[in-house]
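Undergrad: quick one, what's the 3D model for this:
(one chain, ligands or ions: 1)
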Amino acid sequence: MPVIRMLSRVVSQMQQSPACGCWLLAVPARFLGTLPRQVQSDASFHSVSFSEIDHPRILITGGLGQLGVGLANFLRKRFGKQNVILSDIRKPPNHIFHSGPFIYSDILDYKHLREVVVNNRITWLFHYSALLSAVGETNVSLARAVNITGLHNVLDVAAEHSLRLFVPSSIGAFGPTSPRNPTPDLCIQRPRTIYGVSKVHAELMGEYYCYRYGLDFRCLRYPGIISADTQPGGGTTDYAVQMFHDAAKNGKFECNLKPTTRLPMMYIDDCLRATLEVMEAPADSLSMRTYNISAMSFTPEELAQEVLKHVPEFQMTYNVDSVRQAIADSWPMNLDDSTARKDWGWKHDFDLPELVTTMMNFHGSDTRVAQAN
Ligand code: VAH
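TA: Next up is the predicted model:
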């Protein structure tokens, strides 16, 4: 390659100081050694130019899961509808298809993933594809493929095109030997699920690509997320979403975890805001690349007590799922997120009463309370 062109690219890369602040690492790996998958030099010619920095071009993988659509709508308000592309391997329902750009993208198809990034001039990627904790235990080989091989493909494409990459981790990245109350950012992580193992792997691989190749990798350990209009998919904290649907519809709910099972939880709006805030945080404000974030922690019993204030006749019964219970018993009861609060000013808005009021309003049960009074 003519020296002038190579130097011009080095200079342009150096102007985009990498997140981890080390100039040397601004030089693309192929000048410092090879990325895991060497690429044709012209393939990345289209990668980041200045104007795109002002307005990130965003790709969301695993877009039809519990959080993808909410994130897309949230980011479209901030960066414009056409700059946020939702993707998945399933056909989107009508209302999602008509709400903004949607494309097919399979994270296990590395070549196609690269085409998607190049053809859509992507600069930021939110990687939401994953099999969650409980469903992962029913199909370990698929969880390994999606959560680990899929992540490798995303890391390589992100490194090749100097993307800013967000990967959600989870309280599931901790295990029975981690301090549980509270659980700090840095401690023993020996999870007992393939989901947990894949999330620890994601944290470590993302940080390795950051320090080795200058990849702008950012990761948050999500608590159980409570969403109003989307169903969770095969997780251990799913009861806390399902309960609102059933309480509003039938006034009763059968919980698959023991009444005293304490777990960290968060309302989706706080989760999406934290995700954008860490992605917009100045690189030099980040003392770490993986952060705990927390809002509240409660037990099924405490949640039921709060729901009773809105649905006086609400009845909670228990039919414990031993797999989910064993997973929950190995997870944190409270997360210490003091570093996120210090480094980039994270602060949650929703505590338990606001969460329950918001969710019950969404499910329109308020009318029943009025009738009861
Ligand atoms: C699960 N909802 O239960 C997910 C999440 C924090 C929990 O990872 O698997």
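
Undergrad: contacts, neighbours, all on C-alpha from now
TA: Fine.

Undergrad: residue 361 and residue 319, how far apart?
TA: Look at residue 361 and residue 319: by Cα to Cα, to the nearest Å, they are 27 Å apart.

Undergrad: next one: residue 364
TA: Relative to residue 319, and taking Cα to Cα, residue 364 is found at 27 Å.

Undergrad: re the thing from before, residue 361 and residue 319: who's more crowded?
TA: residue 361 (15 against 10; other Cα atoms under 10 Å).

Undergrad: pLDDT on stretch 289-306, on average?
TA: Mean pLDDT, stretch 289-306: 98.

Undergrad: okay, buried residues for that stretch please.
TA: Buried residues in stretch 289-306, counted by 16 or more other Cα atoms under 10 Å: 289-304, 306.

Undergrad: got it, and stretch 78-87?
TA: For stretch 78-87, by 16+ other Cα under 10 Å, it's 81, 83-87.

Undergrad: could you save these as a markdown table and add columns showing secondary structure and distance to the ligand?
TA: Below are those laid out as a markdown table (DSSP: H, G, I helix; E, B strand; the rest coil; distance: Cα to the nearest ligand atom, whole Å):
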| residue | secondary structure | distance to the ligand |
| --- | --- | --- |
| 81 | helix | 27 |
| 83 | helix | 27 |
| 84 | strand | 24 |
| 85 | strand | 23 |
| 86 | strand | 20 |
| 87 | strand | 20 |
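
Undergrad: and those residues, which is closest to residue 60?
TA: residue 86 (5.0 Å; Cα to Cα).

Undergrad: mind showing which ranges of the stretch 101-250 of the chain have poor pLDDT?
TA: Along the stretch 101-250 of the chain, no part satisfies pLDDT under 70.

Undergrad: show me where it has strands.
TA: Secondary structure of the stretch 101-250 of the chain (DSSP state E, counting those that start in this stretch): strands at 102-104, 124-127, 164-170, 216-222, 224-226.

Undergrad: show me what the residue nearest the centre of the chain is bridged to.
TA: Centroid-nearest residue in the chain: residue 168, 3.0 Å away (criterion: Cα atoms, centre = their mean). Counting by DSSP bridges, residue 168 forms beta bridges with residue 220.

Undergrad: pLDDT value on residue 46, please?
TA: Reported pLDDT for residue 46: 45.

Undergrad: point out the residues in the stretch 1-150 of the chain that sit beside the ligand.
TA: Neighbours of the ligand within the stretch 1-150 of the chain, by Cα under 6 Å from any ligand atom: 132-133.

Undergrad: what is the neighbour count of residue 89?
TA: If we define neighbours as other Cα under 10 Å, then residue 89 has 14 of them.

Undergrad: roughly how far does it sit from residue 278?
TA: In this view, residue 89 and residue 278 are 27 Å apart by Cα to Cα.

Undergrad: what does residue 323 give?
TA: Taking Cα to Cα, one finds residue 323 at 33 Å from residue 278.

Undergrad: between those two, which is the more surrounded one?
TA: residue 278 (23 against 15).

Undergrad: how far does the helix or strand where the more buried one lies sit from the chain's center?
TA: In this assignment (DSSP states H and E), residue 278 forms part of helix 268-280. Centre-to-centre, helix 268-280 and its host chain are 9 Å apart (Cα atoms, centre = their mean, to the nearest Å).

Undergrad: list the buried residues for that helix?
TA: 268-275, 278-279.

Undergrad: and the contacts of it?
TA: With contacts defined as Cα atoms under 8 Å, 6 or more residues apart in numbering, helix 268-280 is touched by 67, 70-71, 74-75, 164, 166, 218, 220, 222, 225-228, 293, 344, 346, 348-350.

Undergrad: tell me if I'm right that the residue nearest to the centre of the chain and residue 224 touch.
TA: No. The pair residue 168 / residue 224 is not scored as a contact, 11.9 Å apart, by Cα atoms under 8 Å.

Undergrad: just give the closest residue to residue 151, not the sequence neighbours.
TA: Using Cα to Cα, 6 or more residues apart in numbering and skipping residues adjacent in sequence, the residue nearest residue 151 is residue 202, 7.0 Å away.
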